[in-house]
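K.L.:
Prediction below, plus the sequence it came from.
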Amino acid sequence: MLWAISDLHVSHEANREIVRSLRPESANDWLLLAGDVAEQESEFEWVISTLANRFERIVWAPGNHDLWCTPADKVKLPGVLCYQRLVDICRRYKVATPEDKFLRYTTEEGASVVLAPVFTLFDYSFKSSMDHTPTQAIERARRQGVMSSDELFLKTYPYNSVIDWCSERIIYTEKRLNELSDDDELVLVSHYPLIQEPTKLLKNSEFSIWCGTDKTRKWLTRYGVRMVVYGHLHLPGVNYFDGIAHVEVSLGSPNEWRNRPTTPGLVALDNILEQESYRTLVG
């Protein structure tokens, strides 16, 4: 079985308890971990080591909170250096990252997909109005009472800005995706949604500028993408856009998941992958 979850945010003790309770149904189960595991490096490693002992394979894509440099964590390095340390931690526990060889997963019914974790960040191009520069979009959001803590805690060293880092990540990821066979069907694992449509569900649309980049939209038609698994929005659910399943798997904060009708935990993906009609579904 293939499972997924994101936005564990284990600085909340209630979320740590959920991580302690997460168990696969069998020793052969795999897990997609779509970012925002923890803000502190020690907590990040605790989650990775705990879950790596339970699942046969884990695939991780970084979230913005994973990369934050806050006063609470004295060992965090900025930007790319932080990301590289998290990659090293994952490799220590045999967890696949966006820097490693893509893995192939096959369901019990025989549906075979390549699991491709991607790390893209954002570039403020998910704007609610098309006539704004990034600076204007941020100011517009601020005037609406919306501001992301990324502006304080997400360091981009050695890049001058998150836009530059995002651009580099797009180039790097496209190079890797171009190396795949045209026959490969992909599950893209990203912390951020890869198209803007899911952000329309946000209570305040101005926050969307911190939620991804328009540059990833073309991947869904250029490559054989069967499913996108992501988090970040804290709006779990499944939506279909142009026949592709976009599965949001966030846990979120206790105040959020306690108000949901379903029990918080892992999201099962096999049934979605095995749907024969997935290509004809349009959101």
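P.N.:
That came through fine. Residues are numbered from 1 along each chain as shown.
K.L.:
Can you show me the helices along the protein?
P.N.:
In the chain, the helices defined using DSSP state H lie at 13-21, 41-52, 64-67, 79-92, 134-143, 150-153, 162-178, 219-222, 254-257, 270-273.
K.L.:
For stretch 98-106, measure first residue to last.
P.N.:
By CA to CA, to the nearest Å, the extent of stretch 98-106 from end to end equals 20 Å.
K.L.:
Flag the shaky bits of the stretch 151-283 of the chain, pLDDT-wise.
P.N.:
276-283 (pLDDT under 70).
K.L.:
of the helices of the chain, which approaches Asn204 most closely?
P.N.:
With CB to CB as the measure, helix 134-143 is the member of these nearest Asn204 (8.2 Å). To be clear about C-beta, it is placed using only N, CA and C from the backbone, and glycine gets the same treatment.
K.L.:
Can I get that closest one in CSV, CA atoms only?
P.N.:
Extracted C-alpha coordinates of helix 134-143, given in CSV (Å, rounded to 0.1, in the frame of the first residue of the first chain):
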residue,chain,number,x,y,z
PRO,A,134,6.1,40.3,-6.8
THR,A,135,6.8,43.4,-4.6
GLN,A,136,3.3,44.7,-5.3
ALA,A,137,1.7,41.3,-4.7
ILE,A,138,3.3,41.1,-1.3
GLU,A,139,2.2,44.7,-0.5
ARG,A,140,-1.3,43.9,-1.6
ALA,A,141,-1.4,40.9,0.7
ARG,A,142,0.0,42.9,3.6
ARG,A,143,-2.8,45.5,3.1
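K.L.:
Going by neighbour count, which residues in it are buried?
P.N.:
Buried residues in helix 134-143, counting neighbours by 16 or more other CB atoms under 10 Å, are found at 134, 137-138, 140-141.
K.L.:
In TSV, list these along with pLDDT and distance to Arg222.
P.N.:
Below are the buried residues of helix 134-143 laid out as TSV (pLDDT from 0 to 100; distance: CB to CB, whole Å):
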residue	pLDDT	distance to Arg222
Pro134	87	25
Ala137	88	27
Ile138	90	30
Arg140	88	31
Ala141	88	30
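K.L.:
nearest to Gln196, of these?
P.N.:
Ala137 (12.8 Å).
K.L.:
Who are the contact partners of the spatially closest residue to Leu269 that is not a sequence neighbour?
P.N.:
Leaving aside its chain neighbours, Leu269 sits nearest to Leu2 (4.5 Å; criterion: CB to CB, 6 or more residues apart in numbering). The contact partners of Leu2, by CB atoms under 8 Å, 6 or more residues apart in numbering, come to 29-32, 105, 107, 268-270, 273.
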